[in-house]
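Enquirer: No sequence on hand, only this structure:
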């Protein structure tokens, strides 16, 4: 027992030392050494009592700052909430603890989760693969923590692409689940209709394990698919170039499609441009601006100095939207979802790049369209996994796998099979 305890406690100490060396990444906002060591002892006691290892036994996990963990800061990256601590755990945290996980600490994020740039109020969240570049957002700290090797598992939230974009930028894997599949209790809201909690993992093979814990899925032995891609009708976005997708992303995407053909998938062209995903992304973002304005309008008036100029402008724009405009935007999103479902009829999945571009240099221009492709699954409420495409020493690129509603495990397995084949 002492050796098991030593190993788990040593893993916590080693991770904390690693994080200290990597402070320049700005991935972490709060570390809980005592809590993590206590959880390591509890995990050891569980095993010493002869209990079978739980799904995440002894695994170190990073938690995004908008997810409540009892006794931890609960500010969602917002200066106006500094000094607020969570009284109880979010539902997903309860499930992680029950699965034997060790919660190591909290990660940095874009303020209020309203953004995909990887810029926190404490500075830029740097990409471990290239520290001059963004880790993406808004779950950038979680993705950076995984990519840097601090942890293998992290929690993020995804409203328009906020676990998928950072995963793609940092070369790790993630899942945005089906709408309403994972509880949002104890998660600071951005927009209740579009918010999701999702896992970010070092390997795609780990996604399904974490998904089952978070969704409280009772299937303990999911059916094994030895060749899950073979014979499947897979749609692929054939007009990605018209969505301002960069030449580098297109090159790696084409290589990924060739890999799917080698795996036996039957690829069928799907045109997305006529649906105008950029327009639906802007519609969802506007509704988020409206929702966060409703939450913060009083504190914005009382403490305007606690809001950045950028966030203030977003809030004011959200406040300018009339009820009729909000209704029009929701109709646009529902129409988009209906048309996408029609295009996916008869397909087992739809694949596309996760983002039109790669991680951007903080010294250069900030892309405005990095969520155009992730907004597609968001609008339709569909599960979407992001898995890294092989890029060698170049900046990472993600392949996004969108599955039918409720087929979250299937999306995870497809991502895992792609990852294994690309090694």
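Expert: The structure has been received and is ready for your questions. All values reported here derive from a predicted model rather than from experimental measurement.
Enquirer: By residue count, which helix of this structure is the longest?
Expert: Longest helix in the chain, counting residues (DSSP state H): helix 277-302.
Enquirer: For it, name the packing helices and strands.
Expert: The contact analysis (3 or more CB pairs under 8 Å, 6 or more residues apart in numbering; DSSP states H and E) places helix 277-302 against helix 309-320, helix 323-343, helix 374-380. Yep, even glycine has a C-beta here, placed from its N, CA and C like the rest.
Enquirer: Of all those helices, which one is nearest residue 235?
Expert: helix 323-343 (7.1 Å; CB to CB).
Enquirer: Which elements pack onto the closest one?
Expert: helix 277-302, helix 374-380.
Enquirer: what mean pLDDT does the helix or strand just after that helix have?
Expert: Remark: after helix 323-343, the chain's next helix or strand is strand 349-353, criterion DSSP states H and E. Per-region confidence: strand 349-353 scores 98 on mean pLDDT.
Enquirer: now the angle from strand 349-353 to helix 323-343?
Expert: Counting by axes from the mean of the first three to the mean of the last three CA atoms, to 10 degrees, strand 349-353 lies at 110 degrees to helix 323-343.
Enquirer: Check the residue nearest the centre of the chain and give its pLDDT.
Expert: Note on the chain: the residue nearest the mean C-alpha position is residue 163, at 1.4 Å, using CA atoms, centre = their mean. pLDDT for residue 163: 98.
Enquirer: Quick check: phi and psi on it?
Expert: Main-chain dihedrals, residue 163, degrees, to the nearest 10: phi -100, psi -30.
Enquirer: what's near enough to touch it?
Expert: 139, 142-143, 156-157, 174-176, 196, 198-200, 386 (CB atoms under 8 Å, 6 or more residues apart in numbering).
Enquirer: run the last query once more with 10 Å
Expert: 64, 136, 138-139, 142-143, 154-157, 172-177, 196-200, 374, 384-386 (CB atoms under 10 Å, 6 or more residues apart in numbering).
Enquirer: returning to what we had before: out of the helices and strands packed on helix 277-302, nearest to residue 111?
Expert: Across those, closest to residue 111 is helix 309-320 (CB to CB), at 5.5 Å.
Enquirer: contacts for the closest one?
Expert: The contact list for helix 309-320 (CB under 10 Å, 6+ apart) reads 77-80, 110-112, 114-115, 117, 119, 121, 285-297, 300, 304-308, 326.
Enquirer: mind redoing it with 6 Å?
Expert: 111, 289, 290, 293, 300 (CB atoms under 6 Å, 6 or more residues apart in numbering).
Enquirer: thought the first one was touching residue 77?
Expert: Spelled out, that is residue 111. Yes. The pair residue 111 / residue 77 is scored as a contact, 4.5 Å apart, by CB atoms under 6 Å.
Enquirer: ok, the two, which is more surrounded?
Expert: A count of neighbours by other CB atoms under 10 Å puts residue 77 above the other of residue 111 and residue 77, at 29 against 25.
Enquirer: Helix, strand, or coil at the more buried one?
Expert: Secondary structure for residue 77, judged by DSSP: H, G, I helix; E, B strand; the rest coil, is coil.
Enquirer: shift numbering so it begins at 37
Expert: Shifting the count to begin at 37 puts that one at residue 113.
Enquirer: Return the distance of it relative to residue 284.
Expert: From residue 113 over to residue 284 the distance is 30 Å, taken as CB to CB, to the nearest Å.
Enquirer: Residue 243 falls within a strand, correct?
Expert: No. Membership of residue 243 in a strand is not supported by three-state DSSP, which gives helix.
Enquirer: and it, how many residues sit next to it?
Expert: Look at residue 243: counted by other CB under 10 Å, it has 28 neighbours.
Enquirer: Which residue lies closest in space to it, excluding its sequence neighbours?
Expert: Distances taken as CB to CB, 6 or more residues apart in numbering place residue 448 nearest to residue 243, at 4.2 Å, with adjacent residues excluded.
Enquirer: which residues does the one you found contact?
Expert: By CB under 6 Å, 6+ apart, residue 448 lies in contact with 243, 244, 247, 421.
Enquirer: Please report which of the residues you listed has the highest neighbour count.
Expert: If you count neighbours using other CB under 10 Å, the busiest of the contacts of residue 448 is residue 421, which has 36 neighbours.
Enquirer: right, and the secondary structure at it would be what?
Expert: Three-state assignment for residue 421 (three-state DSSP): strand.
Enquirer: Tell me what it is bridged to.
Expert: Beta-bridge partners of residue 421, counted by DSSP bridges, are residue 211, residue 437.
Enquirer: so it touches residue 211, yeah?
Expert: Yes. Proximity of residue 421 to residue 211 meets the contact threshold set by CB under 6 Å, at 4.8 Å.
Enquirer: Let me see the mean pLDDT of stretch 277-296.
Expert: On average, stretch 277-296 scores 97.
Enquirer: actually stretch 149-165, sorry about that
Expert: 96.
Enquirer: ok, back up a step: strands - which of the contacts of residue 199 land there?
Expert: 100, 190-193, 209-212, 233-236, 420-422 (DSSP state E).
Enquirer: Quick check: of these, which lies closest to residue 393?
Expert: Of these, the one sitting nearest to residue 393 (CB to CB) turns out to be residue 422, at 14.1 Å.
Enquirer: For the closest one, grab the count of nearby residues.
Expert: 35.
Enquirer: From residue 243, how far out is it?
Expert: Residue 422 is 10 Å from residue 243, by CB to CB.
Enquirer: What of residue 407?
Expert: From residue 407 to residue 243 the distance is 21 Å (CB to CB).
Enquirer: Equivalent analysis for residue 381, please.
Expert: Using CB to CB, we find residue 381 at a distance of 26 Å from residue 243.
Enquirer: ok, now which ones touch the closest residue to residue 214 other than its chain neighbours?
Expert: Spatially, and ignoring its direct neighbours in sequence, residue 214 is nearest to residue 419 (4.7 Å; CB to CB, 6+ apart). Counting by CB under 6 Å, 6+ apart, residue 419 makes contact with 213, 214, 439, 444, 447.
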